[in-house]
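Undergrad: structure for this input, please:
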Amino acid sequence: MKWFPVSLKRSRSNRKMPEFAELTPEHRAELESIVGKENVSSTQEDLDKHAIDESPLDPHPPTLVVKPGSTSEVSRVLKLANENMIPVTPQGSRTGLSGASHPIHAGIALSLERMNRIIEIDEDNLMAVMEPGVLISDAHEAIAKHGLYYPPDPGQESGSVGGNISTNAGGMRAMKYGVTRDFINGLEVVLASGEVIEMGGKNIKDSTGYSLIDLIIGSEGTLGVVTKATLRLIPQFKYTALIYAPFKSTIDAANTVREIVRQKIMPFGLEYMTQHTVLTVEKYLERKLPDNSHPAYLIVAVEANTKEELERQLETAGEICLDMGAVDAYIADTAQRQNQIWEARKAVFDAYLAMYTLDEADICIPRSKIPEYVERAEAIGEKYGVLLAPVGHAGDGNLHYNIIKLDETPEEEWPELMESALSDLIDMSHEMGGTASGEHGLGYTKRHYLVREVGSTQVELMKGIKAVFDPKGILNPSKVWV
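TA: Presented below is the predicted three-dimensional model:
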């Protein structure tokens, strides 16, 4: 991947930042006494590793990487940092796309990778309790052994549970089930002061006071550090299948999304890809999909507890696709065939990242607006001389537009062209009642879009909340807003 600077100048603020202190040898010694000497590092390899996420942002190395192994250790680290005005950047597996994991002001990169225990899978209450460093793929695998499922399914399964909570990640099942927020029932959180608080638990209902848990979810590590999460689970369906449908035009595919919803079909997944995306992922995986010769594709995934109901859904969804312009409807009704298509879909971003210089828009609009958005977006690519390759969760209106540098574009012109195209895509989203981020968060690279979307009054309310949770401003500074 080619890094380019999403620079400080584009996100500069007149608001005065806190005066952070430098980490001293004495601080390091105290941190080593808390988490163990082997879990505090300043090797170049570790600093480089924890200086980045998957956003196209120049690296920001921390001063130290600190890896606590328990809530108690997190608490003591934050207490030390708070008392000494040392900035702390919480990190999971650093798969985020908006720079939220970058230690912009150096200080401590608080890596939660050691806190990766699945504490409990409670079949009676349909809950799972786990630490933030558990990978989503490991969580799904462990929960599935009990015939249960945790629906949030971001394409990047190497992401962590804590990271998904941090950005309120959605993924491919959000159309039917919702996003991470809808499946978090309880959190253990360490505040900037080091105080540990419990929010929620295993009870289904709770109307006691303000919902602080909903403030933490999606706060991108700016309000507290999650050290334990209680997840809601659902029973697994017995049967699943999917349709891979090529279309003669991108507009036909987009209109099909609207028609499937209009006819009251509720797939658990409804994904959109262009031919460019299919060809890119085929090249990356060195494996063919059922078709790669048409402009656009839909993946329609359904589930049921009887074969008869599954077949009914497949037949209905397939007929809708064909009636709306699909040239075929390939059915994957075995686990092997479904996995091949899902693996290809989930590899899309990695494929683009490996082959192109790019950034990704994470816009989300009312799904009825998808055909208009897809049609109008083409002009934005032409205007700025960039390639726009949309892919996304069309069923919930969350389109990820890969903004790709053309070979002939000079390197020095690319950041401005990319940012201009991104800005126009976000403006068009706002015009249609949408948002700048459906699931990736604003982090550092997109934080300047917040006031454009919600206005200064809401931003000031958010800053007030931040001041209550983190009065000294040590937690993930320079994120979410300017």
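
Undergrad: every contact and neighbour count from this point should use C-alpha atoms.
TA: OK.

Undergrad: for Lys264, give me the pLDDT.
TA: We have a pLDDT of 85 for Lys264.

Undergrad: quick check: phi and psi on it?
TA: Dihedral angles of Lys264 (phi, psi; degrees, to the nearest 10) stand at phi 60, psi 30.

Undergrad: could you measure from it over to Val300?
TA: Counting by CA to CA, to the nearest Å, the separation of Lys264 from Val300 is 14 Å.

Undergrad: tell me which of these two has more neighbours.
TA: Using other CA atoms under 10 Å, the more surrounded residue of Lys264 and Val300 is Val300, with 26 against 8.

Undergrad: so this structure: which segments form each domain?
TA: Following the assignment in automatic domain parsing, the chain carries domains at 8-114+465-469, 118-235, 239-348, 356-445.

Undergrad: nearest to Gly455, out of the ones you listed?
TA: Of all these, domain 356-445 sits nearest to Gly455, with 12.1 Å by CA to CA.

Undergrad: hmm, back to that, reformat the domains of the chain as TSV; add distance to Val482.
TA: Output for those, formatted as TSV (distance: least, CA to CA, whole Å):
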stretch	distance to Val482
domain 8-114+465-469	6
domain 118-235	13
domain 239-348	31
domain 356-445	9
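
Undergrad: any idea which of these scores lowest on pLDDT?
TA: Sorting these by mean pLDDT places domain 8-114+465-469 lowest, at a mean of 93.

Undergrad: what sits up against stretch 366-376?
TA: 250-251, 254-255, 257-258, 394-397, 428-429, 432-434 (CA atoms under 8 Å, 6 or more residues apart in numbering).

Undergrad: tell me, how many residues neighbour the nearest residue to Val302 once chain neighbours are set aside?
TA: Take Val302 and drop its neighbours on the chain: the residue closest to it by CA to CA, 6 or more residues apart in numbering is Pro267, 4.7 Å away. Counted with other CA under 10 Å, residues neighbouring Pro267 total 21.

Undergrad: wait, what's in contact with Pro267?
TA: By CA under 8 Å, 6+ apart, the neighbours of Pro267 are Met175, Lys176, Val300, Ala301, Val302, Glu303.

Undergrad: can you check Thr180 too?
TA: By CA under 8 Å, 6+ apart, the residues touching Thr180 are Pro152, Asn164, Ile165, Asn168, Ala169, Gly170.

Undergrad: please name the residues that touch the closest residue to Glu83 other than its chain neighbours.
TA: Excluding the flanking residues, the one nearest Glu83 by CA to CA, 6+ apart is Ser193, at 7.9 Å. Residues in contact with Ser193 (CA under 8 Å, 6+ apart) are Ser75, Leu78, Lys79, Asn82, Glu83, Asp470.

Undergrad: again, only this time at 10 Å
TA: 75-83, 224, 469-472, 474 (CA atoms under 10 Å, 6 or more residues apart in numbering).

Undergrad: Glu26 now?
TA: Contact analysis of Glu26 by CA under 10 Å, 6+ apart lists Glu32.

Undergrad: circling back: by neighbour count, which of the contacts of Thr180 wins?
TA: Highest neighbour count within these: Asn164, with 29 neighbours (other CA under 10 Å).

Undergrad: any idea how far Gly92 is from it?
TA: 9 Å.

Undergrad: list residues touching both of the two?
TA: By CA under 10 Å, 6+ apart, the residues touching both Asn164 and Gly92 are Pro132, Leu135.

Undergrad: what about the residue nearest to Leu191 when sequence neighbours are not counted, neighbour count?
TA: With sequence-adjacent residues excluded and distances taken as CA to CA, 6+ apart, Leu191 is closest to Gly224, at 4.7 Å. For Gly224, the count of nearby residues is 28 (other CA under 10 Å).
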